[in-house]
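Enquirer: sequence and predicted structure below; questions after.
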Amino acid sequence: NKYPPIIPNLSDLVTDAITGRPYRSLSKHEAQQLNTYLQEEWERANPRLSVELPVDAHRQRVVSVVQSSRVVVIAGETGCGKTTRIPRFLLEECVRDGEGAECNILVTQPRRISAVSVAHRVAHEMGPALKHSVGYQVRLESRPPEHSGGALLFLTVGVLLKKLQSNPTLKGVSHVVVDEVHERDINTDLLLALLRSALNENQDLRVVLMSATGDNKRLSEYFGGCPIVKVPGFMHPVKDRFLEEVLKEMGRRIPVQDPGGSEDIAPDLVLVADVIEHIDKHGEPGAVLCFLPGWQDIKTVQEKLAAKSHFMSGSQMILPLHSSLSVADQQTVFQHPPVGQRKIVLATNIAETSITIDDIVHVVDAGTHKEHSYDPRTKVSCLDTVWISRSNVTQRKGRAGRCQPGQSYHLFPRSQLDSMTPFPIPEILRTPLENLVLQAKIHSPNSKAIDFLSQVLDSPEKEAVRDAVQNLQDIGVLDKTESMTALGERVACMSCDPRLGKMLVLGAMFRCVLPLLSIAACLTRDPFYNSLQNRALVNKAKEELSGFSYSDYLVFSRVVLGWRRLQQEGDRDERDEYLDKYTLSRTGLRFINGLISQFCENLHEAELVSRANDCQRQNSLNNEHSDQDELIKGVLLAGLYPNLIQVKKGVVTKGGRFRPNSMSFRTHTGPVLLHRSTVNRGKEDLPSRWLTFFGAVKSNGKVFIRDSSTVHPLALLLLTDSDIRETGATFCALTEVINTAMLIVFIVVGIIHPVYPAGYNSCALSTHVSISSLL
Ligand SMILES: Nc1ncnc2c1ncn2[C@@H]1O[C@H](COP(=O)(O)OP(=O)(O)OP(=O)(O)O)[C@@H](O)[C@H]1O
């Protein structure tokens, strides 16, 4: 706390939530001028409604409830038009009443694809003369309205949370419309808590909560018993078929269920491909939208379809849809295929709510999705495939029937519906909370995390909050009193997991920032073209790229650096050859480049680098030590610690036999195994007895480490506060090691970035204990 905060006066730096420029309130005269200008502009443009939707008949009711109550819940059934119409009605009403200048509406969407596609739809409906008043802002892409005053901005919840940091009371915003509240993702829950306090401080702010299904009464109670407006929906009929009917229709036998057998919920991807083929051969015309749990499943189904002779004629257009595709690639699913071609969209649950793909007639639903969960016992967070809830089933089915009648193929037995939960479990109750606690500290630095989180709609378990606080204290982001440390303030600027954020901060300090940026981006989006079929090829590519580094992270860094070199110096053929040789995904790498730029901006915001662009130049001071692999691994460890694995050689088997050459691995919470995706799996020996890691998955009760890197024991000693006695290391000449360590501390200190607060250098110079407690 002796260091000055990096953002000295938050209140002095309020940004305009619509344009992102510094906020300036309008004078009375300016406001009057703008009101008149907007009124005339709207009168001239006279925007119409392209099609009639159920909500149109409720327009007056909705608008007047929003005028008379500062918070309103709108319970609108699927397809009633709440997303595309209500924000526009609110804006239109203000403009016509001569209050347009003060009307700035933010509409949150749970995902990038819906923020962008809904903004396009609303702009299109308002017509060419007014479309400049509508815009969107999502991660890595922003097209805001031309000016604030009479503006409508669709944005993701994450982007709004970021805006709240520089404009905590939402000065200049008239309405926040939170769409799809029922999805209950962690960011939306946090947003609701922050909106409650913003409402107290900003008397001009109104909040509209829009929800299709869900517990609207509880939502209303959370906002002091605000009114609930019900709007009926409209859907063309959609015919349901469950697994038994689908198989019967395809002339197949229904498999006998083994009542005692263990349930495998991984989707049968052969069946999925067969059902799509069946629809293409026998179904009525119209596009197909197929829901699968993850990217790998999408790729596998795509490959299975491509291998079928029926799909070789080119009369189908197969489009994958996944959160990590660029906005432009995601938008291709809305285009109509040429006449005679059938569009087949293979999507994750990102296509489940808010969006309208107007030519969808058939929905194929595998019934599962990927969900993050946190095991407090092993302290491991996992991304598992789990059954969806009944409300997800309804939403998926609802993607057909929006513009014409449709068919829904549910690839699970009808009886499964009864065992599904009615609604999804709120994310806040099942995921690790480090990110949330960090956000809570940014927005409410003086509250204890437990107190702040007791104010959210469904408070997480106290134990989980305590774990998260402890983890943040362990990595030095919070101090013992739970205040944000100097390091924490910088980590809070990074738009990523706190551990990756810490890694980036340290990368800047140790002037090896580009490899760390590449690694953090690849841990957010896999650069490899991964699918079940490609797994062996990807592993081979990783093996080749890793050389003798024993590190998945150095593989990532090499992939990105190689790609960037070819982008500058290579021609198209060389780039294609590179992608092919290492089984890399072009879109993945494009996204990774976007993330790297964003992280560079974050480092600049955190005052760790003088210019954001410098981080990406290999010959800049920030990359002076970027060729030092051991330093990079050390910085990785310092960022990821206490994610540490101890390797032991010599294993006693269950049968009591001693295997001297086998290795066993354990973290501080228990034994783990290496996943086949890490380059260190199956190695006969490793150059160090210590590994660091980032991702883990749980399968059949065992914890598998997905990515890892060996680390030098000295890095452990120097850059962490690990107690080497406790970890059981047998350093034979401890004093000698500490002496060497002290020497290295002085070398390391010499390369610490000069822009780093002065206190760090003097602190680090005193003893190695100080540097490790600092890190
Ligand atoms: N891009 C589009 N192209 C064609 N029709 C569209 C488009 N977007 C919306 N519509 C029409 O408007 C209707 C309402 O869409 P909107 O997204 O506003 O509904 P909603 O009430 O928010 O539903 P949901 O909760 O299911 O997202 C759709 O069912 C469809 O008929």
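Expert: Yep, it's here.
Enquirer: where in the stretch 601-750 of the chain is pLDDT low?
Expert: Per-residue confidence for the stretch 601-750 of the chain (pLDDT under 70) gives these ranges: 700, 723-750.
Enquirer: can I assume Val208 sits in a strand?
Expert: Yes. When classified by DSSP: H, G, I helix; E, B strand; the rest coil, Val208 is found to be part of a strand.
Enquirer: alpha carbons only: can I get the helix or strand hosting Leu90 in PDB?
Expert: With the criterion set as DSSP states H and E, the secondary-structure element containing Leu90 is helix 82-96. As requested, C-alpha coordinates have been extracted for helix 82-96 and formatted as PDB (Å, rounded to 0.1, in the frame of the first residue of the first chain):
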ATOM      1  CA  LYS A  82     -37.900  -7.900 -26.600                       C
ATOM      2  CA  THR A  83     -34.300  -7.800 -27.800                       C
ATOM      3  CA  THR A  84     -34.800  -6.100 -31.100                       C
ATOM      4  CA  ARG A  85     -37.700  -3.800 -30.200                       C
ATOM      5  CA  ILE A  86     -37.800  -2.700 -26.600                       C
ATOM      6  CA  PRO A  87     -34.500  -0.700 -26.600                       C
ATOM      7  CA  ARG A  88     -35.500   1.000 -29.800                       C
ATOM      8  CA  PHE A  89     -39.000   1.900 -28.400                       C
ATOM      9  CA  LEU A  90     -37.400   3.500 -25.300                       C
ATOM     10  CA  LEU A  91     -35.100   5.600 -27.500                       C
ATOM     11  CA  GLU A  92     -37.800   6.500 -29.900                       C
ATOM     12  CA  GLU A  93     -40.000   7.700 -27.100                       C
ATOM     13  CA  CYS A  94     -37.300   9.900 -25.600                       C
ATOM     14  CA  VAL A  95     -36.500  11.500 -28.900                       C
ATOM     15  CA  ARG A  96     -40.100  12.200 -29.800                       C
END
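Enquirer: what's downstream of it, the next helix or strand?
Expert: Downstream of helix 82-96, the next assigned helix or strand under DSSP H and E is strand 104-109.
Enquirer: same question for the helix or strand following that following strand, mean pLDDT?
Expert: The element immediately downstream of strand 104-109 (helix or strand, assigned by DSSP H and E) is helix 112-126. Looking at helix 112-126 alone, the average pLDDT works out to 94.
Enquirer: which secondary structure elements does helix 112-126 contact?
Expert: Helix 112-126 is packed against helix 82-96, strand 104-109, strand 134-138, strand 141-143, strand 151-156, helix 327-331, with contacts defined by 3 or more CB pairs under 8 Å, 6 or more residues apart in numbering; DSSP states H and E. All C-beta atoms are positioned from the backbone trio N, CA, C, and that covers glycine.
Enquirer: now these in TSV, with distance to Val339 and mean pLDDT?
Expert: Listed next are those as TSV, based on distance: least, CB to CB, whole Å; pLDDT from 0 to 100:
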stretch	distance to Val339	mean pLDDT
helix 82-96	27	95
strand 104-109	32	97
strand 134-138	31	95
strand 141-143	31	90
strand 151-156	32	96
helix 327-331	21	85
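Enquirer: for Val173, find the nearest of the ones you listed.
Expert: In terms of CB to CB, the element of the helices and strands packed on helix 112-126 nearest to Val173 is strand 104-109, at 5.2 Å.
Enquirer: which helices and strands does that closest one pack with?
Expert: The criterion is 3+ CB pairs under 8 Å, 6+ apart, and the helices and strands that strand 104-109 contacts are helix 82-96, helix 112-126, strand 151-156, helix 157-166, strand 175-178.
Enquirer: most neighbours per residue, which of these?
Expert: Using mean count of other CB atoms under 10 Å, the stretch among the helices and strands packed on strand 104-109 with the largest mean neighbour count is strand 151-156, at a mean of 27.
Enquirer: residue of the stretch 501-650 of the chain nearest the ligand, please.
Expert: Taking CB to the nearest ligand atom as the measure, the stretch 501-650 of the chain has Thr587 as its residue closest to the ligand, at 23.4 Å.
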